[in-house]
Structures are given as C-alpha cells and as structure tokens.
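J.: Give me coordinates for this.
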Amino acid sequence: MTIKRIGILTGGGDVPGLNSVIKEVTYRATENNCQVFGIRRGWEGLTDVNLEDPESKSRYVVELTRDNTRTIDRYGGTMLHSSRTNPSKMSGLPDHLKGQEFPHKTVTKSGKTSTVYDISSQVLKNIEKLGLDSLITIGGDDTLSYSAKLHGLGVKTIAVPKTMDNDVRNTEYCIGFSTAITRATDAIARQRTTVGSHERIGIFRVFGRDAGFTSLYTAFVSSIRCCIPEYKVNLEKLIDLLITDKKHNPSNYCLVILSEGAEWEGYTVREYGEADMYGHRKKENVAEALSDEIKKRTDEETIVSDLTYDLRSGAPDFVDKLVASTFGTMALEAVLDNQSGLMAALVNGCYTMAPMPDPALGPRHVEVATMYNTDRYRPNYANKAGLPIFLTRA
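T.: Now for the predicted structure:
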C-alpha cells in the first residue's frame with residue numbers, strides 16, 4: 001500500500017487547542033498508513049525553507065510521530081510555532097531566493113511605498129519536493145484565505161478553523177473561543193473584588209478586531225455591558241448607563257467589556273506600527289480611551305484591564321479539547337478520502353465538512369439585530385429557542 005504523506009501547519013495567533021488537532025491528526029494518520037510532516041512557523045515554513053540545506057530543512061520541517069506528539073495536547077500554544085506570513089504578499093525574499101523572478105507589485109500604505117512579492121510558485125515547489133499528497137492548515141481568516149488559494153492552485157488542502165474571535169465563516173465555532181470566554185469570565189470574576197473595593201468603573205479590553213463575539217459572549221455570561229465593532233455606541237449614553245449601574249450596585253461599582261475594534265460615535269480606533277503581511281496594524285487600547293473620556297466627563301475613577309493575550313494562553317478547556325480533537329479526526333478522514341477545499345466545521349450544532357470560506361467575504365460578524373441590544377449595550381438574551389449551542393448559525 002502506498003504511504004500517504006501529509007503536511008500540517010498552524011498560522012496566525014496561537015490559541016489553546018492547536019496541539020490537540022496536531023496530535024489527533026498524527027495518531028489517526030499512523031493508524032492509516034500515513035506519514036505526517038509538521039511545517040514549522042506557519043506559511044513561513046513553506047516560503048523560507050531551503051530544502052537543499054539540511055539546517056534549514058530541520059528548522060522548518062519535522063516528522064510527527066506518536067512519540068513526539070504523545071503529551072502535546074496537555075499544553076496550549078502550538079508545538080509547530082506560528083507566524084503571520086502571507087506567501088502572496090511577501091515584503092522581501094528569503095536569502096536563497098534573492099535574484100529570482102517572482103510576481104510583484106508596489107503598494108502604498110500610510111504614506112509608505114514598498115514592494116510585495118507573490119512566491120506561491122516556490123510554495124508549490126516545496127510541497128512537491130517534500131512529496132506531500134495533502135496539506136492540513138489550522139488557522140483563522142487570514143491563514144485560511146491562503147489555504148483557499150492553494151486549493152485553487154491544485155494542492156489538496158483541508159482546513160481547521162481556529163481563532164478566539166470565532167469569526168471564521170461557514171462554521172459556528174472556531175477552536176480557542178471557549179477557552180477565551182472561560183479565561184475572560186474568570187479574570188473578570190477575580191477583578192470584581194478590586195474594582196468593588198475601590199468603588200470604581202472596571203473597563204476590560206479583549207481581542208476582536210472586526211467581530212465582537214468574544215466581548216459579547218463574555219458579557220453574556222458575566223452580566224455586564226459590552227461594546228462591539230459592529231455597532232457604534234453613543235458615548236454619553238454609555239457613560240450614563242455605567243454611572244447608573246454603579247449607583248444601583250450595593251458595592252458601588254460597575255463593569256464594561258470592549259472589543260479591541262469597538263468604537264463610539266465620533267471616535268475611530270487608532271492604529272500604530274507596521275502592518276503585517278495581511279495588512280493589519282496594532283490597535284491602540286480603546287479601553288484606555290474610554291477611561292479618559294469617563295474621567296473627563298465625570299468624577300468617577302476607573303480601573304483598566306487588558307485581557308487580550310491572557311485569553312490565548314495556557315491549556316484548552318474541555319470544549320476546545322473536544323472540538324479540536326474531533327476537527328483533527330475529521331480533517332484526517334477528509335485527506336484519506338482525497339478531498340480538498342473543505343474545512344472541519346460546526347453547522348446547526350453538528351459536525352460537518354464545509355467549504356473553505358471565500359477570502360473575498362472577510363470575517364464573520366455579530367448579527368446586531370438579533371444578538372446585540374442597541375438600547376442597553378448588552379447581549380440580547382431573548383429568543384434563543386431553536387438555535388445551536390453557540391447561539392449563532394454559520
């Protein structure tokens with residue numbers, strides 16, 4: 001029987017549960033006459049590797065076995081490491097490729113002009129040289145956008161969605177989301193004692209560049225106000241609601257949670273630093289901006305807490321272990337069936353293989369009309385009967 005060779009990589013930001021996917025793919029592969037090769041550092045592993053150089057190859061490619069993946073699911077992060085490399089928009093060429101011709105174009109962002117290269121042809125060559133029959137990619141909207149491109153170029157590609165923002169299209173759930181909400185609610189529960197002791201307004205910031213699911217769902221289970229990117233709140237009304245909450249609280253404090261991309265009327269999130277290969281720049285802390293506005297307009301003191309990176313750290317909770325392991329098995333089964341262009345997903349609360357998202361559509365968003373109370377700046381708690389467990393449809 002011919003041995004099938006499978007590549008697997010993780011791209012973008014890490015989340016708890018990635019290692020569970022990697023382990024499950026490896027274990028199920030060894031039971032089905034397959035070899036698994038971990039591509040290290042995401043797409044960088046297929047752009048920067050020099051397969052003629054043993055040192056470079058060992059830096060970017062590792063054969064995965066039951067022995068070297070046996071305990072990885074006990075930990076967060078990714079044993080394959082990650083990067084935000086985009087092979088279609090490389091800001092420069094790896095040293096061993098310099099002098100070669102690749103499609104390129106000039107782009108201008110924030111007044112700065114640069115040249116970006118599309119080295120997809122080199123990615124295809126490396127996949128061929130490695131003898132990979134299929135590629136399993138674990139990532140969010142950005143990573144999976146290039147997965148879709150590879151599928152279009154003829155590479156058999158299967159995707160697994162991960163992001164604590166839970167904003168990948170065609171699925172109701174992404175690996176990392178449950179742990180992020182668990183971490184956020186735990187942190188807020190702990191910090192209530194400090195915020196309450198000092199009788200202040202507690203302001204929490206979480207990730208959510210374009211979608212407010214993490215903020216919304218944390219607010220849902222913590223019973224607090226929230227601001228999401230999909231809806232610009234009125235600042236005066238928000239502050240009035242918070243002051244009212246504080247006055248009605250026997251401990252004289254209140255809490256609010258904001259997505260990093262949240263805005264209010266008259267305020268636009270400010271960005272700084274160089275854009276990554278997907279065009280994203282870091283966002284200034286909107287929680288600090290809200291704190292400044294509260295202090296200017298009232299006599300109230302605030303406590304600002306940035307929960308962002310803590311939410312993606314540490315081991316996965318039960319939900320993320322379960323979903324990650326199941327997605328891993330589904331991805332391997334799709335590879336064994338010689339499928340491509342599909343993604344492990346939850347649709348209508350059921351596990352299924354769905355089409356990879358169309359990159360042109362961008363991330364999935366909170367449906368404001370049904371999920372967000374625009375009068376009270378809270379989640380909408382009503383009319384949930386008949387919805388899947390995660391209260392949203394793919």
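J.: looking at this protein, which helix or strand is least sure?
T.: strand 271-272 (a mean of 59; mean pLDDT, DSSP states H and E).
J.: Can you give me the buried ones in stretch 371-387?
T.: Buried residues in stretch 371-387, defined by neighbour count with 16 or more other C-beta atoms under 10 Å: 371-372, 377-380. Every C-beta, even on glycine, is put in place using the N, C-alpha and C of the backbone.
J.: And those residues, which is closest to residue 224?
T.: Proximity of the buried residues of stretch 371-387 to residue 224 (C-beta to C-beta) peaks at residue 378, which lies at 7.9 Å.
J.: Skip the chain neighbours and tell me the closest residue to that closest one.
T.: residue 225 (5.9 Å; C-beta to C-beta, 6 or more residues apart in numbering).
J.: Tell me how many other residues crowd that neighbour.
T.: 22 (other C-beta atoms under 10 Å).
J.: mind checking pLDDT for the closest residue to residue 391 other than its chain neighbours?
T.: Using C-beta to C-beta, 6+ apart and skipping the chain neighbours, the partner closest in space to residue 391 is residue 384 (6.0 Å). Among the per-residue scores, residue 384 holds a pLDDT of 94.
J.: Now residue 384: which helix or strand?
T.: Remark: residue 384 resides in no helix or strand, with elements defined by DSSP states H and E.
J.: What segments of the stretch 101-250 of the chain are helices?
T.: Assigned helices in the stretch 101-250 of the chain, in chain order: 120-129, 141-152, 177-197, 213-222, 235-248 (criterion: DSSP state H, counting those that start in this stretch).
J.: in this structure, which residue is closest to the centre?
T.: residue 163 (2.4 Å; C-alpha atoms, centre = their mean).
J.: pLDDT below threshold where in the stretch 51-200 of the chain?
T.: Filtered on pLDDT under 70, the stretch 51-200 of the chain yields the residue ranges 110.
J.: which residues sit in contact with the closest residue to residue 259 other than its chain neighbours?
T.: Using C-beta to C-beta, 6+ apart and skipping the chain neighbours, the partner closest in space to residue 259 is residue 208 (3.1 Å). By C-beta atoms under 8 Å, 6 or more residues apart in numbering, the residues touching residue 208 are 165, 214-215, 228-229, 259-262.
J.: Kindly indicate the member of these with the most neighbours.
T.: Neighbour max across those (other C-beta under 10 Å) = residue 215, 32 neighbours.
J.: What is the strand or helix carrying residue 354 packed up against?
T.: For residue 354, the host element (DSSP H and E) is strand 350-355. Packing contacts for strand 350-355, counted by 3 or more C-beta pairs under 8 Å, 6 or more residues apart in numbering; DSSP states H and E, involve helix 318-336, strand 342-347.
J.: Mind listing what's buried along stretch 140-153?
T.: 140-151.
J.: CA atoms only: put it into CSV for me.
T.: Presented in CSV, the C-alpha positions along stretch 140-153 are these (Å, rounded to 0.1, in the frame of the first residue of the first chain):
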residue,chain,number,x,y,z
GLY,A,140,-8.1,31.9,11.2
ASP,A,141,-9.5,34.1,8.4
ASP,A,142,-6.0,35.1,7.2
THR,A,143,-4.4,31.7,7.2
LEU,A,144,-7.4,30.1,5.6
SER,A,145,-7.5,32.7,2.8
TYR,A,146,-4.2,31.4,1.6
SER,A,147,-5.3,27.8,2.1
ALA,A,148,-8.2,28.6,-0.4
LYS,A,149,-5.6,30.0,-2.8
LEU,A,150,-3.5,26.8,-2.6
HIS,A,151,-6.6,24.7,-3.2
GLY,A,152,-7.3,26.8,-6.3
LEU,A,153,-3.7,26.1,-7.4
